[in-house]
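Participant: no sequence on hand, only this structure:
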Ligand SMILES: Cc1cc2nc3c(=O)[nH]c(=O)nc-3n(C[C@H](O)[C@H](O)[C@H](O)COP(=O)(O)O)c2cc1C
(Lines give C-alpha, C1' and ligand atoms only; values in the text may rest on other atoms or scores of the structure.)
Protein backbone atom coordinates (compact mmCIF):
# COMPACT_ATOMS: atom_id res chain seq x y z
CA UNK A 1 0.00 0.00 0.00
CA UNK A 2 1.54 3.33 -1.01
CA UNK A 3 1.49 6.41 1.23
CA UNK A 4 -1.40 8.09 -0.59
CA UNK A 5 -3.62 5.04 -0.34
CA UNK A 6 -2.66 4.54 3.28
CA UNK A 7 -3.57 8.13 4.09
CA UNK A 8 -6.96 7.79 2.44
CA UNK A 9 -7.75 4.75 4.55
CA UNK A 10 -7.11 6.75 7.67
CA UNK A 11 -9.07 9.61 6.25
CA UNK A 12 -7.12 12.74 7.12
CA UNK A 13 -3.90 14.41 6.19
CA UNK A 14 -2.97 14.75 9.85
CA UNK A 15 -2.81 11.07 10.61
CA UNK A 16 0.77 10.32 9.66
CA UNK A 17 1.60 10.01 13.35
CA UNK A 18 -1.35 7.75 13.92
CA UNK A 19 -0.27 5.46 11.09
CA UNK A 20 3.09 5.23 12.77
CA UNK A 21 1.38 4.17 15.97
CA UNK A 22 -0.29 1.14 14.39
CA UNK A 23 1.18 -1.91 16.06
CA UNK A 24 2.85 -4.73 14.22
CA UNK A 25 1.64 -8.24 14.92
CA UNK A 26 -0.74 -8.81 17.80
CA UNK A 27 0.29 -12.26 18.92
CA UNK A 28 3.99 -11.55 19.18
CA UNK A 29 3.35 -8.43 21.21
CA UNK A 30 0.99 -10.16 23.56
CA UNK A 31 3.60 -12.83 24.07
CA UNK A 32 6.01 -10.09 25.09
CA UNK A 33 3.54 -8.79 27.70
CA UNK A 34 1.76 -11.91 28.88
CA UNK A 35 1.02 -10.73 32.39
CA UNK A 36 -1.41 -7.85 31.72
CA UNK A 37 -4.11 -7.51 29.11
CA UNK A 38 -6.65 -4.91 28.16
CA UNK A 39 -10.23 -5.40 27.03
CA UNK A 40 -11.93 -2.58 25.16
CA UNK A 41 -15.67 -1.95 25.04
CA UNK A 42 -17.10 -0.13 22.03
CA UNK A 43 -20.51 1.51 22.46
CA UNK A 44 -22.07 2.07 19.05
CA UNK A 45 -25.03 4.28 19.92
CA UNK A 46 -24.99 7.89 18.70
CA UNK A 47 -26.78 8.91 21.93
CA UNK A 48 -24.65 10.28 24.79
CA UNK A 49 -27.05 8.79 27.38
CA UNK A 50 -26.76 5.41 25.73
CA UNK A 51 -28.22 2.29 27.31
CA UNK A 52 -25.93 0.29 25.01
CA UNK A 53 -22.82 1.90 26.48
CA UNK A 54 -24.10 1.04 29.97
CA UNK A 55 -24.66 -2.57 28.88
CA UNK A 56 -21.14 -2.77 27.43
CA UNK A 57 -19.76 -1.34 30.67
CA UNK A 58 -21.45 -4.07 32.70
CA UNK A 59 -19.86 -6.64 30.43
CA UNK A 60 -16.44 -5.01 30.89
CA UNK A 61 -16.86 -5.07 34.66
CA UNK A 62 -17.54 -8.81 34.51
CA UNK A 63 -14.47 -9.25 32.34
CA UNK A 64 -12.28 -7.35 34.78
CA UNK A 65 -13.60 -9.35 37.71
CA UNK A 66 -12.04 -12.50 36.24
CA UNK A 67 -8.61 -11.24 37.31
CA UNK A 68 -8.46 -7.56 38.37
CA UNK A 69 -4.69 -7.73 38.80
CA UNK A 70 -4.16 -8.68 35.15
CA UNK A 71 -7.12 -7.24 33.30
CA UNK A 72 -7.67 -3.58 32.50
CA UNK A 73 -10.83 -2.42 30.74
CA UNK A 74 -11.81 0.72 28.87
CA UNK A 75 -15.12 1.83 27.42
CA UNK A 76 -15.01 3.79 24.17
CA UNK A 77 -18.43 5.31 23.45
CA UNK A 78 -18.76 6.33 19.80
CA UNK A 79 -21.46 8.90 20.62
CA UNK A 80 -20.44 12.27 19.25
CA UNK A 81 -17.86 10.77 16.89
CA UNK A 82 -18.13 10.98 13.13
CA UNK A 83 -17.10 7.74 11.49
CA UNK A 84 -17.19 7.68 7.73
CA UNK A 85 -17.38 4.19 6.25
CA UNK A 86 -16.83 5.48 2.72
CA UNK A 87 -13.17 5.98 3.55
CA UNK A 88 -12.83 2.21 3.75
CA UNK A 89 -13.75 2.14 0.08
CA UNK A 90 -11.12 4.76 -0.65
CA UNK A 91 -13.68 7.52 -1.28
CA UNK A 92 -12.10 10.74 -0.01
CA UNK A 93 -13.87 13.00 2.47
CA UNK A 94 -15.98 15.83 1.09
CA UNK A 95 -15.12 19.40 2.11
CA UNK A 96 -17.68 19.44 4.95
CA UNK A 97 -17.09 15.89 6.11
CA UNK A 98 -15.05 14.75 9.08
CA UNK A 99 -13.89 11.37 10.34
CA UNK A 100 -12.80 10.72 13.92
CA UNK A 101 -11.63 7.15 13.40
CA UNK A 102 -7.91 8.09 13.45
CA UNK A 103 -8.33 9.19 17.11
CA UNK A 104 -9.31 5.61 17.94
CA UNK A 105 -6.43 3.89 16.18
CA UNK A 106 -3.86 4.11 19.01
CA UNK A 107 -6.38 2.62 21.47
CA UNK A 108 -7.48 -0.14 19.11
CA UNK A 109 -3.93 -1.15 18.28
CA UNK A 110 -2.48 -0.88 21.77
CA UNK A 111 -0.43 -4.07 22.00
CA UNK A 112 -1.97 -4.94 25.35
CA UNK A 113 -5.49 -5.11 23.86
CA UNK A 114 -6.46 -8.77 23.87
CA UNK A 115 -10.22 -8.48 23.65
CA UNK A 116 -13.04 -6.27 22.49
CA UNK A 117 -16.71 -6.15 23.39
CA UNK A 118 -18.84 -4.37 20.82
CA UNK A 119 -22.39 -3.27 21.61
CA UNK A 120 -24.94 -1.78 19.24
CA UNK A 121 -28.48 -0.54 19.64
CA UNK A 122 -30.90 -2.31 17.31
CA UNK A 123 -31.99 -0.02 14.51
CA UNK A 124 -34.66 -1.51 12.24
CA UNK A 125 -33.62 -5.02 13.05
CA UNK A 126 -29.89 -4.56 12.70
CA UNK A 127 -26.89 -2.56 13.91
CA UNK A 128 -26.77 1.25 14.00
CA UNK A 129 -25.20 3.02 11.03
CA UNK A 130 -22.49 4.22 13.42
CA UNK A 131 -21.65 0.62 14.25
CA UNK A 132 -21.56 -0.36 10.58
CA UNK A 133 -19.32 2.57 9.72
CA UNK A 134 -16.98 1.63 12.57
CA UNK A 135 -16.78 -1.98 11.33
CA UNK A 136 -16.12 -0.75 7.81
CA UNK A 137 -13.31 1.50 9.03
CA UNK A 138 -11.69 -1.57 10.63
CA UNK A 139 -10.91 -2.63 7.05
CA UNK A 140 -7.61 -0.77 7.38
CA UNK A 141 -6.44 -3.28 9.98
CA UNK A 142 -7.28 -6.22 7.71
CA UNK A 143 -5.46 -4.56 4.83
CA UNK A 144 -2.40 -3.74 6.89
CA UNK A 145 -1.57 -7.21 8.10
CA UNK A 146 -4.63 -8.28 10.12
CA UNK A 147 -3.83 -6.13 13.12
CA UNK A 148 -6.86 -7.45 15.03
CA UNK A 149 -6.00 -11.09 14.45
CA UNK A 150 -6.41 -13.32 17.52
CA UNK A 151 -8.04 -10.62 19.61
CA UNK A 152 -11.12 -12.04 21.29
CA UNK A 153 -14.45 -10.47 20.35
CA UNK A 154 -17.81 -10.52 22.11
CA UNK A 155 -20.94 -8.75 20.91
CA UNK A 156 -24.16 -7.53 22.53
CA UNK A 157 -27.23 -5.70 21.29
CA UNK A 158 -29.87 -3.52 22.95
CA UNK A 159 -33.35 -3.23 21.49
CA UNK A 160 -36.50 -1.44 22.57
CA UNK A 161 -38.61 -4.51 21.77
CA UNK A 162 -38.39 -7.97 23.33
CA UNK A 163 -37.69 -9.56 19.97
CA UNK A 164 -36.67 -6.49 18.02
CA UNK A 165 -33.73 -7.95 16.13
CA UNK A 166 -31.07 -8.27 18.85
CA UNK A 167 -29.89 -11.69 17.68
CA UNK A 168 -29.59 -10.69 14.04
CA UNK A 169 -27.72 -7.55 15.09
CA UNK A 170 -25.27 -9.62 17.13
CA UNK A 171 -24.73 -12.12 14.31
CA UNK A 172 -24.24 -9.35 11.75
CA UNK A 173 -21.53 -7.71 13.83
CA UNK A 174 -19.88 -11.07 14.44
CA UNK A 175 -19.83 -11.68 10.68
CA UNK A 176 -17.72 -8.57 10.14
CA UNK A 177 -15.37 -9.54 12.97
CA UNK A 178 -14.72 -12.98 11.48
CA UNK A 179 -13.22 -11.13 8.51
CA UNK A 180 -10.60 -9.67 10.86
CA UNK A 181 -9.41 -13.10 12.06
CA UNK A 182 -10.75 -12.19 15.47
CA UNK A 183 -11.72 -14.98 17.82
CA UNK A 184 -15.44 -14.45 18.14
CA UNK A 185 -17.01 -15.90 21.26
CA UNK A 186 -20.48 -16.11 22.76
CA UNK A 187 -21.43 -16.24 26.41
CA UNK A 188 -20.09 -18.75 28.90
CA UNK A 189 -22.52 -21.23 30.41
CA UNK A 190 -25.13 -21.34 31.77
CA UNK A 191 -26.62 -18.92 29.22
CA UNK A 192 -24.09 -19.94 26.51
CA UNK A 193 -25.60 -18.26 23.48
CA UNK A 194 -24.50 -15.70 20.93
CA UNK A 195 -24.27 -12.60 23.09
CA UNK A 196 -26.53 -10.59 25.42
CA UNK A 197 -29.81 -9.53 23.81
CA UNK A 198 -30.76 -6.64 26.08
CA UNK A 199 -34.36 -5.46 26.17
CA UNK A 200 -34.67 -1.76 26.94
CA UNK A 201 -38.31 -2.11 27.93
CA UNK A 202 -40.42 0.84 29.01
CA UNK A 203 -41.04 -1.18 32.20
CA UNK A 204 -37.46 -0.72 33.42
CA UNK A 205 -35.75 2.40 34.67
CA UNK A 206 -32.28 1.64 33.37
CA UNK A 207 -30.78 -1.06 31.19
CA UNK A 208 -29.00 -2.72 34.11
CA UNK A 209 -32.47 -3.59 35.43
CA UNK A 210 -32.84 -6.10 32.58
CA UNK A 211 -31.93 -9.20 34.53
CA UNK A 212 -31.76 -11.59 31.58
CA UNK A 213 -29.52 -9.18 29.72
CA UNK A 214 -27.31 -8.65 32.75
CA UNK A 215 -26.91 -12.39 33.35
CA UNK A 216 -25.82 -12.89 29.76
CA UNK A 217 -23.53 -9.84 29.96
CA UNK A 218 -21.76 -11.28 33.00
CA UNK A 219 -21.25 -14.53 31.13
CA UNK A 220 -19.99 -12.82 27.99
CA UNK A 221 -17.57 -10.62 29.91
CA UNK A 222 -16.23 -13.68 31.71
CA UNK A 223 -15.87 -15.65 28.48
CA UNK A 224 -14.04 -12.86 26.64
CA UNK A 225 -11.65 -12.43 29.57
CA UNK A 226 -10.97 -16.12 30.04
CA UNK A 227 -10.28 -16.76 26.36
CA UNK A 228 -8.18 -13.60 26.11
CA UNK A 229 -6.02 -14.73 29.04
CA UNK A 230 -5.69 -18.17 27.48
CA UNK A 231 -4.57 -16.71 24.18
CA UNK A 232 -2.19 -14.28 25.85
CA UNK A 233 -0.49 -17.16 27.61
CA UNK A 234 -0.04 -19.12 24.39
CA UNK A 235 0.25 -16.28 21.88
CA UNK A 236 3.62 -17.43 20.58
CA UNK A 237 1.99 -20.63 19.35
CA UNK A 238 -0.63 -18.72 17.36
CA UNK A 239 1.72 -16.39 15.54
C1 LIG B 1 -33.92 4.53 14.16
C2 LIG B 1 -34.26 3.57 15.25
C3 LIG B 1 -34.67 2.31 14.92
C4 LIG B 1 -34.98 1.38 15.93
N5 LIG B 1 -35.33 0.13 15.56
C6 LIG B 1 -35.50 -0.81 16.52
C7 LIG B 1 -35.79 -2.16 16.16
O8 LIG B 1 -35.86 -2.52 15.01
N9 LIG B 1 -35.93 -3.05 17.16
C10 LIG B 1 -35.84 -2.70 18.48
O11 LIG B 1 -35.98 -3.58 19.34
N12 LIG B 1 -35.60 -1.41 18.86
C13 LIG B 1 -35.41 -0.48 17.91
N14 LIG B 1 -35.11 0.81 18.27
C15 LIG B 1 -35.00 1.15 19.71
C16 LIG B 1 -33.55 1.13 20.20
O17 LIG B 1 -32.88 -0.06 19.81
C18 LIG B 1 -33.53 1.21 21.71
O19 LIG B 1 -34.15 2.40 22.13
C20 LIG B 1 -32.12 1.16 22.27
O21 LIG B 1 -32.19 0.99 23.66
C22 LIG B 1 -31.34 2.42 21.99
O23 LIG B 1 -30.03 2.26 22.49
P24 LIG B 1 -29.22 3.48 23.13
O25 LIG B 1 -29.93 3.87 24.42
O26 LIG B 1 -27.87 2.89 23.40
O27 LIG B 1 -29.20 4.59 22.14
C28 LIG B 1 -34.86 1.76 17.30
C29 LIG B 1 -34.46 3.06 17.60
C30 LIG B 1 -34.17 3.96 16.60
C31 LIG B 1 -33.71 5.36 16.98
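Facilitator: Cool, the structure landed. All of these numbers come straight from a predicted model, not from anything done at the bench.
Participant: need the longest helix for the chain.
Facilitator: If you go by DSSP state H, the chain has its longest helix at helix 211-233.
Participant: ok, that one near the ligand or not?
Facilitator: No - Helix 211-233 lies out of reach of the ligand by Cβ under 6 Å from any ligand atom, never closer than 10.6 Å. Bear in mind the C-beta positions are built from the backbone N, C-alpha and C, glycine included.
Participant: which strands and helices sit next to that helix?
Facilitator: On a contact count with 3 or more Cβ pairs under 8 Å, 6 or more residues apart in numbering; DSSP states H and E, helix 211-233 meets helix 26-32, strand 37-43, helix 51-65, strand 71-77, strand 113-121, strand 152-159, strand 197-199.
Participant: which one of the ones you listed lies nearest to residue 182?
Facilitator: strand 152-159 (4.3 Å; Cβ to Cβ).
Participant: now the next helix or strand after the closest one: buried residues?
Facilitator: Downstream of strand 152-159, the first helix or strand assigned by DSSP states H and E is helix 166-178. Buried positions in helix 166-178, judged by neighbour count with 16 or more other Cβ atoms under 10 Å: 166-170, 172-174, 176-177.
Participant: what is the nearest of the residues you listed to the ligand?
Facilitator: In terms of Cβ to the nearest ligand atom, no member of the buried residues of helix 166-178 lies closer to the ligand than residue 166, at 6.8 Å.
Participant: residue 193 is in contact with the closest one, correct?
Facilitator: No - using Cβ atoms under 8 Å, residue 166 is not in contact with residue 193, being 10.7 Å away.
Participant: coming back round to it: can I get the buried residues of helix 166-178 in TSV with pLDDT and distance to residue 73?
Facilitator: Shown next, in TSV, are the buried residues of helix 166-178 (pLDDT from 0 to 100; distance: Cβ to Cβ, whole Å):
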residue	pLDDT	distance to residue 73
166	99	23
167	98	25
168	98	27
169	99	22
170	99	20
172	99	24
173	99	19
174	98	20
176	98	22
177	98	18
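Participant: make CSV from these and add distance to residue 118 to it.
Facilitator: Output for the buried residues of helix 166-178, formatted as CSV (distance: Cβ to Cβ, whole Å):
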residue, distance to residue 118
166, 13
167, 15
168, 15
169, 10
170, 9
172, 11
173, 6
174, 9
176, 9
177, 8
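Participant: get me the contact residues on the protein for the ligand.
Facilitator: 45, 47, 50-52, 121-125, 158-161, 164-165, 200.
Participant: quick one, which of the residues you listed are buried?
Facilitator: 45, 50-52, 121-123, 158-159, 164-165, 200.
Participant: what residues sit buried inside the longest helix of the chain?
Facilitator: In helix 211-233, counting by 16+ other Cβ under 10 Å, buried: 213-214, 216-229, 231-232.
Participant: next one: it to chain centre, how far?
Facilitator: 14 Å (Cα atoms, centre = their mean, to the nearest Å).
Participant: quick one: it to strand 113-121, angle?
Facilitator: Between helix 211-233 and strand 113-121, the angle comes out at 160 degrees (axes from the mean of the first three to the mean of the last three Cα atoms, to 10 degrees).
Participant: check the model's average confidence along helix 211-233 for me.
Facilitator: Helix 211-233 carries an average pLDDT of 97.
Participant: and it with helix 51-65, angle?
Facilitator: Going by the same axes, to 10 degrees, helix 211-233 is angled at 50 degrees with respect to helix 51-65.
Participant: where does this structure have its least confident helix or strand?
Facilitator: helix 16-21 (a mean of 26; mean pLDDT, DSSP states H and E).
Participant: just to revisit the earlier point, out of the buried ones among the residues of the chain next to the ligand, which comes closest to residue 183?
Facilitator: residue 52 (22.5 Å).
Participant: cool, thanks, signing off.
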